[in-house]
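> Let me see the structure of the following:
(2 chains)
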There are 2 protein chains.
Amino acid sequence: VTTVSELSESELVAHIQARLPPPPDWVAVGIGDDAAVVEPERNRVEVLSVDAIVEGVHFDRRFTPPRAIGHRSLAVNLSDLAAMGAAPRLALLSFGLPAGLDLAEFDDIVEGVAELAARHRVHVVGGNLTRSPGPLFLDVAVAGTAKRRQVLTRRGARPGDRVFVTGSIGAAAAGLRMLRDSPTPVPACAERYLYPEPRIRTGLLLGRNRAASACIDLSDGLADAACQIGAASAVGMIIEANALPIEPDARQWFEGHGLDAVIEAVTGGDDYELLFTVPPRQSGRLAAARKGRDLPVTKIGVCTREPQVVLRRGMTDTPMPHGYKHFG
Amino acid sequence: VTTVSELSESELVAHIQARLPPPPDWVAVGIGDDAAVVEPERNRVEVLSVDAIVEGVHFDRRFTPPRAIGHRSLAVNLSDLAAMGAAPRLALLSFGLPAGLDLAEFDDIVEGVAELAARHRVHVVGGNLTRSPGPLFLDVAVAGTAKRRQVLTRRGARPGDRVFVTGSIGAAAAGLRMLRDSPTPVPACAERYLYPEPRIRTGLLLGRNRAASACIDLSDGLADAACQIGAASAVGMIIEANALPIEPDARQWFEGHGLDAVIEAVTGGDDYELLFTVPPRQSGRLAAARKGRDLPVTKIGVCTREPQVVLRRGMTDTPMPHGYKHFG
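Reported below is the predicted structural model:
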């Protein structure tokens, strides 16, 4: 078995380039120089994000295949662009590799990045490879474009705005536990954890239709996302537990293990759905964005003047569980 | 002593923001949303780079103060932009922090970034903080701008072009050894290792004057840089050992320790000077770029049709020592 430590950096870069399509016209200088050079897109603002995933913090190599690790490293970043209503364009890959990493694993990680990149027409224009004396880490920077007036932020929600979430929640959190603890994970949940699909198309439609007043992705869970929009927009929210689109397989698994499925689904991370708010007078724009499209969104609540984000279960309102998260 | 693990991510982000100036006009959305949004600069291409520095690989916390670590994380990236002739504009910081890192150290790291950023008018528009179960790592992505025709690459050198290097070499490599092995490091060398100064201004002047046919920075040493330009441009080089601007303190220290100062200076990394080539007919442009400016550059050799890069010492030519570097 060959490990990455037996190759030179330029040989590893060649392994990456072999898995990428040729660069598009707007890339003036791609991989292989001190920096990449790209033509900006006309009449667009640029949307930039960076996010690292670290072995032992964000993934466990014992049950996360290399292709899923590569996929995730880009997906978490594309999800940030989706939340801004931006069209992704390019990525820079910065990997920290343990010396003992198999070359075949490295190749599979790159495949995972390349597949997702190709699907969303994201071009890898450069990056950096370094050794890591500790965990494997993949740090990806992405840039996308949007029309300035179509950018979605966390700040625009107002009291009375409806709160929506895309797709379903809870599956990734259930999938992670299944992969860790169960010999027979439910494929639907495991796949949702391993290969999260960033909601690029939905984010773009929400931005273009100017239907949403605020938007965020659920990387740290719905409860955290609701509180982040609340804090940035100076509003509260009432979230209806009964309206939450909890993935049935996940609900069943949580309840089968004596857990409260609602709490697990709102506090569980890794869903990479979008949470967004829509002013009542813009509901026609949301309907127009959805018309004739398979755009799964569910209304789950409303923004309030009172600053608290609360979870309403039947007749009872409780503060949305998110709490103070220590960094370490 | 407070450690970073006792704070939340948003509290740590507040520590970063407190050390940064207010964002300029072209930043539409800065730190605190899913992504940053910036206005592109008109009639410019964008130059993008990412580079990580990892504890135990690129720095040793036992003798590298936190401020120097922060400085280095940005400097290595700005040096890449300098090598492309780009004006730096913005940075995204992605840090992996061991739970036990002192908050005061974290603050000093950020100060080191912020000081260098302010000096080069680079604005930190976003980033990411994550725990690291292993080493401290700082991954910085930067973007700069250049006129398309003024971009410098590694590819344009031709036989007959003169080879130049900025500043002096060897001081950083000597400084690193002094810091590691000596109770009394020579301040000039130690400073050069700890606080490398990216050659932004020189890179810009070379690009604007269109004096250079190829350019690269010396992050991995002069020997490696010469071979990289040689390979990318399909030329060789003769580098004159006697012409190399070896820092006198470094030469003295190397020779005092029984080492060959020339070999140490060309193979030692971390200098972050620029190596560039100038066609004979453009020597007037280089002179114009230097006129009235303190722009230390030294002619050290010439590009050749034969593809080898050789080191000429007196009457003897030997292959430039760089060799095959294993990744691990």
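
> Residue A:88: which element?
In the assignment (DSSP states H and E), residue A:88 maps to strand A:87-97.

> partners of that strand in the sheet?
With DSSP bridges as the test, strand A:87-97 is paired with strand A:123-131 (parallel), strand A:137-146 (antiparallel).

> Enumerate the positions of that strand that are buried.
Residues of strand A:87-97 classed as buried by neighbour count (16 or more other C-beta atoms under 10 Å in any protein chain shown): A:87, A:88, A:89, A:90, A:91, A:92, A:93, A:94, A:95, A:96, A:97. Backbone N, C-alpha and C define where each C-beta goes, glycine included.

> now do stretch A:11-20
Quick answer for stretch A:11-20 (16+ other C-beta under 10 Å): A:12, A:13, A:16, A:19, A:20.

> Out of those residues, which are close to chain B?
Among the buried residues of stretch A:11-20, the ones lying near chain B by C-beta under 8 Å from any C-beta of the partner chain are residue A:12.

> rewinding a little: out of the strands paired with strand A:87-97, deepest packed?
strand A:137-146 (a mean of 28; mean count of other C-beta atoms under 10 Å in any protein chain shown).

> Assign a three-state SS to residue A:237, would you?
strand (DSSP: H, G, I helix; E, B strand; the rest coil).

> Per-residue confidence, it, what does it come out as?
pLDDT, residue A:237: 98.

> residues in contact with it?
The neighbourhood of residue A:237, defined by C-beta atoms under 8 Å, 6 or more residues apart in numbering or on different chains, consists of A:163, A:226, A:229, A:230, A:301, A:302, A:303, A:304, A:309, A:310, A:320.

> and what of residue A:287?
Neighbouring residues of residue A:287 by C-beta under 8 Å, 6+ apart: there are none.

> Same question for the one 10 residues further on.
The neighbourhood of residue A:297, defined by C-beta under 8 Å, 6+ apart, consists of A:164, A:165, A:166, A:202, A:286, A:290.

> try 6 Å this time
Contact analysis of residue A:297 by C-beta atoms under 6 Å, 6 or more residues apart in numbering or on different chains lists A:164, A:166.

> related to what we said a few turns ago, same list (the contacts of residue A:237) but as TSV, adding distance to residue B:219, neighbour count and pLDDT.
Listed next are those as TSV, based on distance: C-beta to C-beta, whole Å; neighbours: other C-beta atoms under 10 Å in any protein chain shown; pLDDT from 0 to 100:
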residue	distance to residue B:219	neighbour count	pLDDT
A:163	49	27	98
A:226	44	30	97
A:229	42	27	97
A:230	45	23	97
A:301	51	24	98
A:302	54	19	98
A:303	50	26	98
A:304	54	17	98
A:309	47	27	97
A:310	53	18	97
A:320	47	22	95
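
> Secondary structure and distance to residue A:7 added to those, as JSON lines?
Output for the contacts of residue A:237, formatted as JSON lines (DSSP: H, G, I helix; E, B strand; the rest coil; distance: C-beta to C-beta, whole Å):
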{"residue": "A:163", "secondary structure": "strand", "distance to residue A:7": "50"}
{"residue": "A:226", "secondary structure": "helix", "distance to residue A:7": "46"}
{"residue": "A:229", "secondary structure": "helix", "distance to residue A:7": "45"}
{"residue": "A:230", "secondary structure": "helix", "distance to residue A:7": "49"}
{"residue": "A:301", "secondary structure": "strand", "distance to residue A:7": "52"}
{"residue": "A:302", "secondary structure": "strand", "distance to residue A:7": "56"}
{"residue": "A:303", "secondary structure": "strand", "distance to residue A:7": "53"}
{"residue": "A:304", "secondary structure": "strand", "distance to residue A:7": "57"}
{"residue": "A:309", "secondary structure": "strand", "distance to residue A:7": "50"}
{"residue": "A:310", "secondary structure": "strand", "distance to residue A:7": "55"}
{"residue": "A:320", "secondary structure": "coil", "distance to residue A:7": "49"}
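
> returning to what we had before: packing partners for the very next helix or strand once past the strand holding residue A:88?
Using DSSP H and E, the helix or strand that follows strand A:87-97 in sequence is helix A:103-119. Applying 3 or more C-beta pairs under 6 Å, 6 or more residues apart in numbering or on different chains; DSSP states H and E, one finds that helix A:103-119 makes contact with helix A:66-83.

> try 7 Å this time
helix A:9-17, helix A:66-83, strand A:87-97 (3 or more C-beta pairs under 7 Å, 6 or more residues apart in numbering or on different chains; DSSP states H and E).

> which other residues reach the longest one?
Residues outside helix A:66-83 that contact it (C-beta atoms under 7 Å, 6 or more residues apart in numbering or on different chains): A:47, A:49, A:51, A:53, A:59, A:88, A:91, A:105, A:108-113, A:116-117, A:120, A:138, A:140, A:142, A:144, A:152, A:194-196, A:198-200, A:202-203, A:215-217, A:219, A:272, A:274, B:34-35.

> Test my guess that residue A:31 contacts residue A:126.
Yes - the criterion here is C-beta atoms under 7 Å, and residue A:31 meets it with residue A:126 at 5.5 Å.

> any idea of the pLDDT on residue A:328?
pLDDT at residue A:328 comes out at 57.

> do residue A:227 as well
96.

> so it sits in a helix?
Yes - with three-state DSSP as the criterion, residue A:227 is part of a helix.

> which ones are touching it?
Counted by C-beta under 7 Å, 6+ apart, residue A:227 has contacts A:309, A:320, A:322.

> Dump those residues to CSV, plus distance to chain B.
CSV is the format used below for those (distance: C-beta to the nearest C-beta, whole Å):
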residue, distance to chain B
A:309, 16
A:320, 16
A:322, 11
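
> ok, of these, which one's closest to residue B:174?
Residue B:174 has its nearest neighbour among these in residue A:322, at 52.2 Å by C-beta to C-beta.

> how close does that closest one sit to residue B:32?
In this view, residue A:322 and residue B:32 are 17 Å apart by C-beta to C-beta, to the nearest Å.

> can you count the residues close to the closest residue to residue A:207 other than its chain neighbours?
Using C-beta to C-beta, 6 or more residues apart in numbering or on different chains and skipping the chain neighbours, the partner closest in space to residue A:207 is residue A:85 (2.4 Å). Residue A:85 has 28 neighbouring residues, counting by other C-beta atoms under 10 Å in any protein chain shown.

> got the angle between the strand holding residue A:88 and helix A:103-119?
Interaxial angle of strand A:87-97 relative to helix A:103-119 (axes from the mean of the first three to the mean of the last three C-alpha atoms, to 10 degrees): 170 degrees.

> export stretch A:160-177 as PDB, just CAs?
Coordinates of each C-alpha in stretch A:160-177 appear next as PDB, following Å, rounded to 0.1, in the frame of the first residue of the first chain:
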ATOM      1  CA  GLY A 160     -44.800  38.600  11.100                       C
ATOM      2  CA  ASP A 161     -42.500  36.900   8.600                       C
ATOM      3  CA  ARG A 162     -43.200  33.200   8.000                       C
ATOM      4  CA  VAL A 163     -40.400  30.800   8.800                       C
ATOM      5  CA  PHE A 164     -39.700  28.000   6.300                       C
ATOM      6  CA  VAL A 165     -37.300  25.100   6.100                       C
ATOM      7  CA  THR A 166     -36.200  23.100   3.000                       C
ATOM      8  CA  GLY A 167     -36.300  19.300   2.800                       C
ATOM      9  CA  SER A 168     -36.400  17.400   6.000                       C
ATOM     10  CA  ILE A 169     -34.400  17.400   9.300                       C
ATOM     11  CA  GLY A 170     -33.000  14.900  11.700                       C
ATOM     12  CA  ALA A 171     -31.900  12.300   9.100                       C
ATOM     13  CA  ALA A 172     -28.200  13.300   9.300                       C
ATOM     14  CA  ALA A 173     -28.100  13.300  13.100                       C
ATOM     15  CA  ALA A 174     -29.800   9.900  13.100                       C
ATOM     16  CA  GLY A 175     -27.500   8.700  10.400                       C
ATOM     17  CA  LEU A 176     -24.400   9.700  12.300                       C
ATOM     18  CA  ARG A 177     -25.600   7.800  15.400                       C
END
